[in-house]
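1. this one's structure only:
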């Protein structure tokens, strides 16, 4: 088989790659160099004007990015801790193990938008049941969605509820695949459960943990539906995230060119920051 | 035998006497929606549409989600299909996506929908993709009854692009059973030294709302609150802000622009008039129901319509919902023009002009047009004409959730409303309010310029920051004004000026 024949076999995959990945990225870059909007509906060329605007005159994007960083890091840490705890619980021989495994996965099986609508109803400050219950306990109504600080935590609650099962699933799969020998050795040495966790389970789970955290960080950094339905980015801009802001610019205000600039910049930032995070996590969690 | 003969004679006589009525109602038998009026003769009546044959043709419509405007669109589509044999596909889209859902195919030169619903302030962006309403429809009897204000809203430079199906304005709704209650009037006077009356100014509105906030003033065992308002960003809140601003900023002595100074195109939204309005609005966060800062239009309708608040101001829907027979506050509400102010900003002298000022806001509303690239234009216009025919219109305006509001001179007759169960004095206050707004010479019309969405979104974001306490009213509006300058520079001042002049001419009573 000569060199050309090899290419024939590569072409189908290459075409698919170009179609679904390379072309959209190149198109986005080209769009970002245009002023396409509702009143100039054309792919004109305005150079890097949009990028200059983004870096010199759009604090709202950067605020939404830092807000997103806070929300995604917080939710992923909570999901990891809770997911790990739940996975440890059903990893052991406990009663109704299978039942719990299924129950813990239910939130992930539900549709995020519908569940967020239900959460919004729960947290409705004057009509929702949460404040009613708290009122029954003598607690004053909490401004779940109208207080700029509390609203962020409301978003975190919903995200954690929805996506902890995903973390649970990955970590449980990791726990089930761990070799038995290190645990037997630790048991023979008389290690306490805590020491077993710190010196055996956690280090063995590190590669899977890093994978799970990175996957969830990638997903959490795209948080949109929860914010859209729960708070619409409000009150004010208190819960506005990057993807929601890009949606507003692109599909509400119809600034297609500028939204493409935001999207591409966001993509580059995410690639760089997630690569750094992965490296840092590897260094911290995996001891040679 | 004699009894039988008498009965038969009576039956035959009755049939003969009432046969015209029976004929007029043959359509309401099939279509109970119009049972109150039966079919009303006209170019687009049930009778006229039944003579059209669109069998084998498909009409595609993009409209709002159910119920507001989405429900009547679907209902009339079903009726239209039955009458003409056409197939009608209705797609429902959330309000925030209506613009983009039409605009993306418009810009791509496609017409996936023959009919697109949106808001009347889309007109400047959409008109190049819409077919002007043909002369035969413009000259129809049902169109002749549309008020001049709403003909103006549906038209651009004298050409009608949007088929009038709805009329919109913001006005005040209040709990008549509280404001007119002598006990409460006495109590309020003792507590504040002021009269309890329909608020004449926004300051009075705020004082009364604050007084009637957070206690059970209607004795239903639940707490009530001062006011329900649309305060949620990206959910039409900018329209609510303009309503609150009009009295402080629309000075009849300074024609030539409410949003911009038409001469210089300098944004006016951070002048002391608008700042005063935003300061009032920030204060209002203290007398809305818990979570009221996140109320969208649906929440506002539900809150006031459900009897939760003393006041509300926005579109007609909350009022009509409150007046429906199943409402807990049926016939306990009143309508009045938006409150005014005791001073108004004069941008020429850079000072306040003292004295009462009031300015109705003819806010944008539902609008609908036919795509220029549609292959079924005639059928599309027939559908719209049928949608808005007299019988459908009279039935639709009495259903709050439909979002169809008065826009015809006939709608301002008291009988139209008493027929559907409204008390006469309430119906009178309602039609008087609407008529006074039509007659006002100090009106504000919505911003309809290229980039409308950007301008309104920038304003809404800034106002939302002030409501959430992230910025002071002045700082928030300075931020919005700066963004408006940036948008002007991107869109081009002359482009915006040219379009804005059309609205200013309406505001200055030159059209």
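-> Looks like it came in fine. Remember, predicted model here, so these are calculated numbers, not experimental data.

2. How about the residues of chain B by chain A?
-> B:96-97, B:99-100, B:103, B:106-107, B:125, B:232-235, B:289-294, B:308, B:450-451, B:453-454, B:457, B:461, B:464-471, B:486, B:490-491, B:495 (C-beta under 8 Å from any C-beta of the partner chain). Backbone N, C-alpha and C define where each C-beta goes, glycine included.

3. Now list the buried members of the residues you listed.
-> B:96, B:99-100, B:103, B:106-107, B:125, B:232-235, B:289-294, B:308, B:450-451, B:453-454, B:457, B:461, B:464-468, B:470-471, B:490-491, B:495 (16 or more other C-beta atoms under 10 Å in any protein chain shown).

4. Give me the mean pLDDT for stretch B:307-316.
-> Taken as a whole, stretch B:307-316 carries a mean pLDDT of 92.

5. Does residue B:490 lie in a helix or a strand, and which?
-> Using DSSP states H and E, residue B:490 sits within helix B:473-491.

6. Not counting its own residues, what contacts whatever helix or strand comes next after that helix?
-> The element immediately downstream of helix B:473-491 (helix or strand, assigned by DSSP H and E) is helix B:493-507. With C-beta atoms under 8 Å, 6 or more residues apart in numbering or on different chains as the test, helix B:493-507 has contacts from A:39, B:124, B:149, B:152, B:156-157, B:250, B:255-260, B:262, B:265, B:443-451, B:488, B:511.

7. got the buried residues for helix B:493-507?
-> B:495, B:496, B:497, B:499, B:500, B:501, B:502, B:503, B:504, B:505, B:506, B:507.

8. Going by distance to chain A, which of the residues you listed wins?
-> residue B:495 (6.9 Å; C-beta to the nearest C-beta).

9. Spatially central residue for the chain, please.
-> Went with chain A since none was named. With distances taken as C-alpha atoms, centre = their mean, residue A:220 lies nearest the centre of chain A, 1.0 Å away.

10. nope, chain B please
-> Short answer for chain B (C-alpha atoms, centre = their mean): residue B:168, at 2.7 Å.

11. Am I right that that residue is in contact with residue B:365?
-> Yes - with contact defined as C-beta atoms under 8 Å, residue B:168 counts as touching residue B:365 (2.7 Å).

12. Spell out which parts of the stretch 1-150 of chain A neighbour chain B.
-> Contact residues, the stretch 1-150 of chain A versus chain B (C-beta under 8 Å from any C-beta): A:35, A:37-39, A:41, A:57, A:60, A:124-126, A:131, A:141, A:143-146, A:148.

13. how many other residues sit next to the residue of the stretch 151-288 of chain A found nearest chain B?
-> Closest contact between the stretch 151-288 of chain A and chain B, by C-beta to the nearest C-beta, is at residue A:236 (3.2 Å). Other residues lying near residue A:236 total 23 when counted by other C-beta atoms under 10 Å in any protein chain shown.

14. do you know how far it is from residue B:233?
-> Distance, residue A:236 to residue B:233, using C-beta to C-beta, to the nearest Å: 7 Å.

15. Need the residues touching each of the two.
-> The contact lists of residue A:236 and residue B:233 share B:461, B:464, where a contact means C-beta under 8 Å, 6+ apart.

16. same for the host helix or strand of residue B:304, what does it pack against?
-> Element membership of residue B:304 [criterion: DSSP H and E] is helix B:297-305. For helix B:297-305, the packing partners by 3 or more C-beta pairs under 8 Å, 6 or more residues apart in numbering or on different chains; DSSP states H and E come out as strand B:225-228, strand B:309-314, helix B:317-323.

17. Quick check: which helices or strands does the second one pack against?
-> Taking 3+ C-beta pairs under 8 Å, 6+ apart as the contact definition, the neighbouring helices and strands of strand B:309-314 are strand B:171-175, helix B:202-211, strand B:225-228, helix B:237-249, helix B:297-305.

18. and the ones you listed as a markdown table, adding mean neighbour count?
-> Shown next, in a markdown table, are these (neighbours: other C-beta atoms under 10 Å in any protein chain shown):
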| stretch | mean neighbour count |
| --- | --- |
| strand B:171-175 | 25 |
| helix B:202-211 | 21 |
| strand B:225-228 | 26 |
| helix B:237-249 | 27 |
| helix B:297-305 | 24 |
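
19. Make TSV from these and add distance to residue B:194 to it.
-> TSV is the format used below for the helices and strands packed on strand B:309-314 (distance: least, C-beta to C-beta, whole Å):
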stretch	distance to residue B:194
strand B:171-175	16
helix B:202-211	7
strand B:225-228	15
helix B:237-249	19
helix B:297-305	23
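
20. The ones you listed: which one's closest to residue B:46?
-> helix B:297-305 (29.8 Å; C-beta to C-beta).

21. low-scoring stretches of chain B, by residue?
-> Within chain B, the ranges that satisfy pLDDT under 70 run B:1-24, B:511.

22. still on that earlier bit, in the helix holding residue B:490, what's buried?
-> Buried residues in helix B:473-491 (16+ other C-beta under 10 Å): B:473, B:476-481, B:483-484, B:487-488, B:490-491.

23. where's residue B:130 relative to chain A, distance?
-> For residue B:130, the distance to chain A equals 14 Å [C-beta to the nearest C-beta, to the nearest Å].

24. Grab the nearest non-local neighbour of that residue.
-> residue B:369 (3.9 Å; C-beta to C-beta, 6 or more residues apart in numbering or on different chains).

25. pretty sure the one you found is in a helix, no?
-> No - using DSSP: H, G, I helix; E, B strand; the rest coil, the assignment for residue B:369 is strand, not a helix.

26. That one contacts residue B:115, doesn't it?
-> Yes - proximity of residue B:369 to residue B:115 meets the contact threshold set by C-beta under 8 Å, at 7.4 Å.

27. picking that back up, out of the buried residues of helix B:473-491, who's nearest chain A?
-> For those, the closest approach to chain A (C-beta to the nearest C-beta) belongs to residue B:491, at 5.8 Å.

28. Could you tell me how many residues sit around residue B:379?
-> The burial count for residue B:379: 22, using other C-beta under 10 Å.

29. Let me fix that, I meant to ask about residue A:106.
-> Residue A:106: 9 neighbours (other C-beta under 10 Å).

30. contacting residues for residue B:96?
-> For residue B:96, the contact set (C-beta under 8 Å, 6+ apart) comprises A:252, B:234, B:235.

31. rerun at 7 Å
-> A:252, B:234 (C-beta atoms under 7 Å, 6 or more residues apart in numbering or on different chains).

32. same deal with the one 5 residues further on?
-> Contacts here follow C-beta under 7 Å, 6+ apart; on that basis residue B:101 touches B:62, B:93.

33. Check the one 5 residues further on too.
-> Listed by C-beta under 7 Å, 6+ apart, the contact set of residue B:106 reads residue B:129.

34. do the one 5 residues further on as well
-> Contact analysis of residue B:111 by C-beta under 7 Å, 6+ apart lists B:105, B:371, B:373, B:374.

35. Verify the stated contact: the second one with residue B:110.
-> No - under the contact definition of C-beta atoms under 7 Å, residue B:371 does not touch residue B:110, with a separation of 8.9 Å.

36. If anything else comes up later, I'll come back, but that's it for now.
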